[in-house]
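Enquirer: Sequence first, predicted model second:
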Amino acid sequence: MQTRTTAEPLIRVERLKKYFPVRKGLFFQRARSFVHAVDDVSFEIRPGETFGLVGESGCGKTTTGKLLVKLLEPTDGRIWIRDLRQVSFVVQQDGLPLGAVGLRVDEEGKPVQVARVLSAPGANAEELDRHARRLLTRLAGRRGALGPVPTDVDVDGQRLSLTPLSQFRSQFRLQAVPAGDRERWERWLRQTQDLEYVDVARLSGPPLKAFRREVQMIFQDPYESLNPRMTIFDIVAEPLAVQKIGTITERELRVAEMLELVGLTPPESFLFRYPHELSGGQRQRVAIARAMIINPRFIVADEPTSMLDVSIRTGVMKLMMELQQEFGISYLYITHDLAVARYMCERIAVMYLGKIVEMGPTEEVIQNPLHPYTKALIDAVPVPDPTYKREPVELKGDVPSPLDPPPRCRFYDRCPIATERCAREDHPPLEDKGGGHYVACYEV
Amino acid sequence: MAVPAPPLKKPPKGRHLEAPWRARLRLLRRGLAGSWGMFWESRIGPLGLFIIAFYGLLALAHPILMATVWADERDVYDPKHGYDPQIIYGGFDGRLQSTVAPGSDDYYVDANGDGRPDYIYAGWDGVLQSKAVGDDKYRGGPAPPSLRHWLGTDPWGRDVFSQLAFSARAEFFLGVMAALITVVIGTLVAAISAYYGGFVDTFFMRLADVVLLFPVIAFLIVLGSMFQLNLYSLAVVLGVINGFGGITIVLKSQALSIKVRPFVEAAKVAGGSHMHIIVRHIIPNLLPLSFLYMMFNVTSAIFSEAVLSFFGILNIDMSWGIMVQMANIAGYLQGGAITKAWWIFFPASISITLLCAAFYFVGRGLDEIVNPRLRKV
Amino acid sequence: MWKFLIRRVLQIVLTLYLFATIVFFIVYLQPGDISQVYINNPKLPPEAREALKRQLGLDQPPHIQYLNFMRNLVTGNLGISFSEYPRPVWDIIKERLPRTVALFLIATLIYYALGFHLGKLIAWRRKGLLDYSATIVGVVLFTVYTPWFAYLIIWIFGYKLGWFPLGKFLDPVLWRRYDVPANEVFGLMLTVGGAAILFLLAVYVLGRKLHLPPLPRALMNFGALGLAGGSVAYLLWGPEFQPYGLLARDILWHMVLPVTTVTLIAFGGAMLLMRDSMLEVIKEDYVLAAKAKGLPDKVVRDKHAARNALLPMITSFVLALAFVVDGGIITETVFSWKGMGLTLLDAVTNEDLPLAVGTFVFTGIFALIAHLIADIAYAYLDPRIRYE
Amino acid sequence: MALLEVKDVTVHFRTKRGEVQALDRVSFALERGEALGLVGESGCGKTTLALTIMRLLAENARILGGHIWFKGTDLLALPEEAMRHVRWKGISMVFQAAMNALNPVYRVGDQIVEAILTHEPKVTVREARERVAELFRLVGLDPKRMDHYPHEFSGGMRQRAVIAMALACHPDVILADEPTTALDVIIQDRILHRLDEIRKQLNMSIIYISHDIAVIAEVADTVGVMYAGKLVEIGPTEAIFRRPHHPYTEGLMGAFPSVRGPKRELATIPGEPPNLLNPPSGCRFHPRCPYATARCKAEEPPLVPFEVGHLAACWHPRNA
């Protein structure tokens, strides 16, 4: 896992906001108030990682999940997904960066088109453009033309060195740049990041369809997430059908393989049955098979085990982890159950009223919670051990309404350690307290 | 796709998967069998089905009888123009030959006292049905049921059973056609307005409000006075009016509850288009309810036709409603006259009632399958 | 609640507007100018024909015609009837509308009360023979061919048994003896009846608001009922009020059969609806909870289950009403009850355009107002809406 | 004598597809002041058991045998009218879906007053309302909320109102069927503690019914484990958690994740719970049991004590 977490993130969520208007008014249905379901949330999910979103009902965790799979459109903020249909690198000549180039690749990884160029500060934009087109002709048709390591290429007698973008960024030292130019370089570096990522909000048409292939979702209620009028085959094959992949017999074979993979054996006895003939655990396995059938890179799992019985729940959790190991999928695991999150997630974020109040490696957050809300949440979880005596949680009141919250710490009304500052100032920002353990609290 | 396909295990050799179409056929058969079982248990559904089958046979019987038993006497048994000279015959000799009430003074008036009838009255209370006796076109009064005329004849001497059987076909046609139009419109409008919401939804819902409160019969009376409404146009008008009316509201609320269920979101995440979601997810889940409402709409269409015919608004030659209307204008329905010639309106009235009730019974039987809330236990 | 009601009123005004527009398009904007048919009506005196042409504004462009139509509608200027020339249409409607409203209001109250109680009972004892036979009887009554059924009723109760008059709004022979306009008597009847109902309602609400124990409350309600009934009887039979009492009794006498007919044909639907609604409510947890609380069976049924099952019935009231207005045309025709339905039918057969349009529009308005009343009742009965 | 003793209760449901054997010879006893926890997965018969004790089973249920002695009388033999008086006054219930246990058209306070007046006709409305106010304070609700309608309450508040309602007639036993399942952990914590305090204060008995063994571990003195319509193990809470005898209990404990203590591997119980239309022969757990032998398939193990007060139904008990 350690090797994965150092990789560039697969999903980057930046200052994500989702406000739901509450319609009021007699004559004109004007929206006067907003439910701040997700309010300025930022996090990253790395390839092959399970990232947990934990919180009580109404904290915005499900809304966040739906935003990530584009079931909802964000009010503000960005969701970036790493674009695998593009390779990006920095072109350097004599150790001097000319700029960044993004080449679009086809399904086999062969470059087919110059997607974007971004000339470095002070470099000649036209020259970079020319280089990019020549590079494309040199590299076109070569599968995996650009590996993860820097390569040198001769173009018209000029020797250009190509460095993968992420590697360039991690190696580049701003200090090496003259102080007066630093601001321009910094801005350029930030812009290069967008080269590798696609803004989910702007997707439409064929790229959206491609996005739908890479991102899937598993829902909480296995009784409701499968259409009762469709057979298991139709349900699992639906992603293939809407993406027009394969013939019907090919799809049938593929569905059978998938069912076997999720432990529904023999598959032919499940293919043409209706969801109501299956138990809850089996249904959730069908939902998993359906999500996995088009090889997604990223799956949002919205409380996939909360409706299942304990003895069945473990099996489904283990299945999800096995599939992750096998296919290198990333999960956004949404749950209200910290104990489950502890077993499933490498990192978790605790949400409260649309805000992330604490985020970090799971064990670290659970063993050493810093935010008073996280502490209360962990203290309130019953322990399956009669000898363990918990102290009752002393937290004032109920969760307040997310309707137009006042501009102060969201937890202020119930916080045992709140001070005057918490009321005066805006909601505290997430700050790194070391080791990737972020907390949003003035008093920690 | 940029991600390589996962190394999936191949199924062992010799394992055959069932062809999808065959499996679907099997499921359909099983589903129908299961539904039939539940329908049968509702007890009320099969009762309705039995009545419908009876009238279906009656409708089929008419052309068959016309071609066989009645073939030689088509003029006698024609539901619209036929009359039986054996029953009413006001010949020139002046002897009234009627199986109804020979010698009854209800039937003729001897105006000039020559012992021969000058006017023939078909109605019991003196509604003039025929001109002078010399007119060979005159028709006589209603004859009671006999072997020759199982349900007797109407005031014009036409065979009531033939009329009844002939009309059954028209009733089925009208009811099913109107209900089909209603259900197709209702389902589509409901699915679309629930799915898209916004202006489309507001428009259709306000329209449904208007239609719902529309006094349909009153409206059709007004409409019928302006246009010649025949069976086809009536079916279309009724179908369209009902299609935009109450059924839309019911189906839309159902469609709304389907729309928010997670499988619709799952389809969206899989990349399903709006069309795909409406056609594959919303409409299939609406169809059972649509089918149920279709049954109720058959009832309402048949009933509307009967009522409009009773008012003489429609341009239809023969139907159960018209049979009752004719009995009424001949005065056989009012007051004490109702016992004089029961056969000319009773079979038609009871048929309207029974066939309407039968479709309603079937609807209620289906209700027990479609609405789990009504299921026993 | 006010917000809800105001919104509903606005919606209904909008619906009414749409309704009127549709009527306009159907009636006035026919291809081939259908109005010609009416203008050339030979029953019409020539001076009226000229007036009519001006009044209909047929020379005007359609949008002016539309504006005129709407203005006339709002001001109640519906023109002059052809068939009952020279009575203004509004005058005729003023006379006929209360008759229809009275007939159907009484019938609706009776059949809803009946349907509510019977539906409740058969749902509570599900699966029994009672349930099965009640369902069949309910459906058959619901789908019975109304004209025939109404004639049957007349024959049995009017002709055979001779208990009630055969039809009509009043007995002309009786009324000829007194020089009293029928509308005056009828107006008085409506006033008295309305006052009695309001009084009973007020007593009932007061009893609830005072949180009285069950026994005094029942005494109070029955006392009020007795008082109201006694006063009405005194008004009808008391010597001081003759001949008004006598004439009112005549009208009431004529009302019995039509009311019975409407009640019978409509109550089946109400009963089945209540049964279905009740079956749904019985499965709710709060009904189980009420049983678990140890409440007597009757209290669980009436107070917890039936009270909630009533809610969908209120909504359906509107639907039932549209049905009743339609059915009303038949009932009124069969009983020669000169109300809106029969007036409409006569207007159409006599090609009396202004009267037909007028009655049609007001039939719609009647249905819409009933809609609004149903909404108010719903809001009153469902606290979730009341406190929105 | 125990306050409530359930003896060999067997309940079947008649359905279209056959006879569902929902409860099979379930026996246990509850002392005054005791908190019994019943754990089991969905469909194991926990709720059926509660409804059997209240005699509120659906029409298609048949009680095939057994006795439920409450203060010496057999509830199953009681006429309906007498049973009606036992309900709420003797045994009351906190419903699983408290959200729906309150009638939406009546004020919350009135619904509790109704229960009091039904069982104590001598109490005036005013006194009853005072008692409701007191109960509201007891469960931590503002007494002013009495005159609100259920839809104006949040989920946690409704749950507390339902608990107040269960306490209204000072019952001897409260059946709490999943009292906190739909709630968030912080509110759950608060309600469980409050319920526990009230129980100790009023010396009542409570039967907690839950699928969540962590909740049961915290509140129950005795734990009964149910599987497929049978009580497979019952004993003191600590004994059940420390030394479970039945393999199902053991599997359940191992499958439950915890936020406390070291992170350990979660156990999986293979297979699915059986269909009660046609339950397995012998021990109903044998198809999923790793220790099953031919005997388990053939013979049904009786519920026998292995230690004092710790009973299990297993031929091959663990930790024994």
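Expert: Here it is on my side, so go on. Residues are numbered from 1 along each chain as shown, chains lettered A, B, ... in the order given.
Enquirer: which parts of stretch B:268-282 are buried?
Expert: By neighbour count on 16 or more other Cβ atoms under 10 Å in any protein chain shown, the buried set for stretch B:268-282 is B:Lys268, B:Val269, B:Ala270, B:Gly271, B:Gly272, B:His276, B:Ile277, B:Ile278, B:Arg280, B:His281, B:Ile282. Bear in mind the C-beta positions are built from the backbone N, C-alpha and C, glycine included.
Enquirer: and it, how far from the chain's centre?
Expert: In this view, stretch B:268-282 has its centroid 36 Å away from the chain centroid, taken as Cα atoms, centre = their mean, to the nearest Å.
Enquirer: So is it next to chain A?
Expert: Yes. Under the criterion of Cβ under 8 Å from any Cβ of the partner chain, stretch B:268-282 makes contact with chain A via B:Lys268, B:Val269, B:Ala270, B:Gly271, B:Gly272, B:Ser273, B:His276, B:Arg280, B:His281.
Enquirer: which of the residues you listed are close to chain D?
Expert: Among the residues of stretch B:268-282 next to chain A, no residue is within reach of chain D (Cβ under 8 Å from any Cβ).
Enquirer: Out of those, list just those in helices.
Expert: Of those, the ones assigned to helices by DSSP state H are B:Lys268, B:Val269, B:His276.
Enquirer: Can you tell me which of those residues is nearest chain D?
Expert: When those are ranked by distance to chain D (Cβ to the nearest Cβ), B:Val269 comes first, at 26.6 Å.
Enquirer: for A:Cys422, what are its contacts?
Expert: Residues in contact with A:Cys422 (Cβ atoms under 8 Å, 6 or more residues apart in numbering or on different chains) are A:Arg408, A:Cys409, A:Tyr412, A:Cys415, A:Pro428, A:Tyr442, A:Glu443.
Enquirer: Intersect those with the contacts of chain C.
Expert: Filtered for proximity to chain C (Cβ under 8 Å from any Cβ), the contacts of A:Cys422 leave an empty set.
Enquirer: Neighbour-wise, which one of those leads?
Expert: Neighbour tally across the contacts of A:Cys422 (other Cβ atoms under 10 Å in any protein chain shown): the maximum, 27 neighbours, falls on A:Cys409.
Enquirer: Go ahead and confirm that one touches A:Cys415.
Expert: Yes. The pair A:Cys409 / A:Cys415 is scored as a contact, 7.1 Å apart, by Cβ atoms under 8 Å.
Enquirer: Based on its surroundings, how many neighbours for C:Pro383?
Expert: Residues within reach of C:Pro383, counting by other Cβ under 10 Å, total 19.
Enquirer: Touching, it and D:Val105? I think so.
Expert: Yes. Using Cβ under 8 Å, C:Pro383 is in contact with D:Val105, at 6.0 Å.
Enquirer: Overlap in contacts, these two.
Expert: With Cβ under 8 Å, 6+ apart as the test, C:Pro383 and D:Val105 both reach D:Tyr149.
Enquirer: Do you know the pLDDT at C:Val37?
Expert: Listed pLDDT for C:Val37 reads 52.
Enquirer: on that earlier part again, mind putting the ones in helices among the residues of stretch B:268-282 next to chain A into CSV with distance to B:Ala341 and pLDDT?
Expert: Listed next are those as CSV, based on distance: Cβ to Cβ, whole Å; pLDDT from 0 to 100:
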residue, distance to B:Ala341, pLDDT
B:Lys268, 66, 91
B:Val269, 70, 91
B:His276, 61, 93
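Enquirer: which one of the residues you listed is nearest A:Leu259?
Expert: Relative to A:Leu259, the closest of those is B:Val269; by Cβ to Cβ it sits at 19.8 Å.
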